[in-house]
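Novice: Pasting the sequence and the predicted model now:
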Amino acid sequence: MSSQVASSEAGTADTGQQHPIGLYLKIWALLFILSACSYAVDYFHFAGYLRWILIITFMWAKAGLIVAIFMHMAWERMALIYAILLPPAFLLVLVGMMAVEGGYTELTRLLFFGPEG
Amino acid sequence: MAQEQVIAGDAAVALPQGMAGVVADWSADKQTFHVPWGKAMMWIFLLSDTFIFSCFLTGYMNVRISTTLPWPNPSEVFALHLFGQDIPLILIAIMTFILISSSGTMAMAVNFGYARNRKVTAALMVVTAVFGASFVSMQAFEWTKLISEGVRPWGNPWGAPQFGSAFFMITGFHGLHVSAGVIYLLTIAFKVLRGDYENTNYEIVEITGLYWHFVDLVWVFIFAFFYLW
């Protein structure tokens, strides 16, 4: 009972994030299933774009559940959510630039040093 | 409303300059995040840690794309010979399940902390720490196995030499975080049991939990990008 009261008040000042144990157990089970799925991707040798789609999907599903439920981000105020989750989004720019740079480096290596480069 | 008026009123008053101004600005009675200060600070620390791990993983992506040599197949490199056959990635899978389980017990510890049940909270945190310690032990086993097979930061028997440096740096830095987390967990569990936090709301357990869940979170990305790619 008290946990339900606390969760409905979550987000107000100085209120703890107490949520029902049952919720945590369900997320725990879900994370187990998603991890098993990730492992199955490797075990059954999925390849190509299908492998990538599956790996990324399971990865974001797991990351989302951990941040939203285990780290209680789903019940935090918008100010904190934006302050923490928005900056890492800009890392995608870095990832994009480094992917392009990596392709360029590989190309120049092949041109100047050959395939054993 | 009342708070906005106070802020507007402050602006009209001449603010102190120089060092007195620095002190006045930083000690002003303003609050952005309506959570305990320790929790806000932990989140900001985890944000900075996110950038460190992202740099490692992006660097790994860059060297893996740019190398002209074949990348060693993680599925085979991390296979174990069990029950008369090679099972791919099995140790990594077990480590993943252990870390998720430790996150589960940690989340439950937070719940019991807010319920002010000191004994169960401390017990669950110790269980979490034991899971973490077993994770690090398996990582030590994996490192030993790879080193004995000839993997070095500058080369390995199977292909691109960058494999070793990326592996040791990424998993090493993560393992360091898990080890620090185990010490952190045991320290806080001891202090909870001793009753050091009786005059607080037990948000310390949630803050410790944030760090621990983050370690699990980073592993999700390492598992996907280093072991499954």
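Specialist: Okay, I see it.

Novice: rest of the way, CA atoms for contacts and neighbours
Specialist: OK.

Novice: Stretch A:26-36 - what's its average pLDDT?
Specialist: Mean pLDDT, stretch A:26-36: 95.

Novice: Give me the residues contacting stretch B:184-202.
Specialist: A:16, B:113-114, B:116, B:118-119, B:121-123, B:125-126, B:128-129, B:204-205, B:208 (C-alpha atoms under 8 Å, 6 or more residues apart in numbering or on different chains).

Novice: now swap in stretch A:39-49 and tell me
Specialist: With C-alpha under 8 Å, 6+ apart as the test, stretch A:39-49 has contacts from A:51, A:54, A:55, B:75, B:88, B:93, B:228.

Novice: Include pLDDT, distance to residue A:85 and secondary structure when you put the residues you listed into JSON lines, please.
Specialist: Converted to JSON lines, the contacts of stretch A:39-49 look like this (pLDDT from 0 to 100; distance: C-alpha to C-alpha, whole Å; DSSP: H, G, I helix; E, B strand; the rest coil):
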{"residue": "A:51", "pLDDT": "93", "distance to residue A:85": "27", "secondary structure": "helix"}
{"residue": "A:54", "pLDDT": "94", "distance to residue A:85": "23", "secondary structure": "helix"}
{"residue": "A:55", "pLDDT": "94", "distance to residue A:85": "21", "secondary structure": "helix"}
{"residue": "B:75", "pLDDT": "86", "distance to residue A:85": "32", "secondary structure": "helix"}
{"residue": "B:88", "pLDDT": "85", "distance to residue A:85": "34", "secondary structure": "coil"}
{"residue": "B:93", "pLDDT": "93", "distance to residue A:85": "28", "secondary structure": "helix"}
{"residue": "B:228", "pLDDT": "91", "distance to residue A:85": "25", "secondary structure": "helix"}
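
Novice: Which of the contacts of stretch B:184-202 sits closest to residue A:93?
Specialist: Nearest to residue A:93 among the contacts of stretch B:184-202: residue B:208, at 31.1 Å, using C-alpha to C-alpha.

Novice: Next one: that closest one relative to residue B:38, how far apart?
Specialist: Between residue B:208 and residue B:38 the distance is 10 Å, computed by C-alpha to C-alpha, to the nearest Å.

Novice: The two: which is more packed in?
Specialist: Using other C-alpha atoms under 10 Å in any protein chain shown as the criterion, residue B:208 and residue B:38 rank with residue B:208 on top: 21 against 14.

Novice: Return the distance of the helix or strand hosting that one from the chain's centre.
Specialist: For residue B:208, the host element (DSSP states H and E) is helix B:203-222. Relative to its chain's centre, helix B:203-222 lies at 5 Å (C-alpha atoms, centre = their mean, to the nearest Å).
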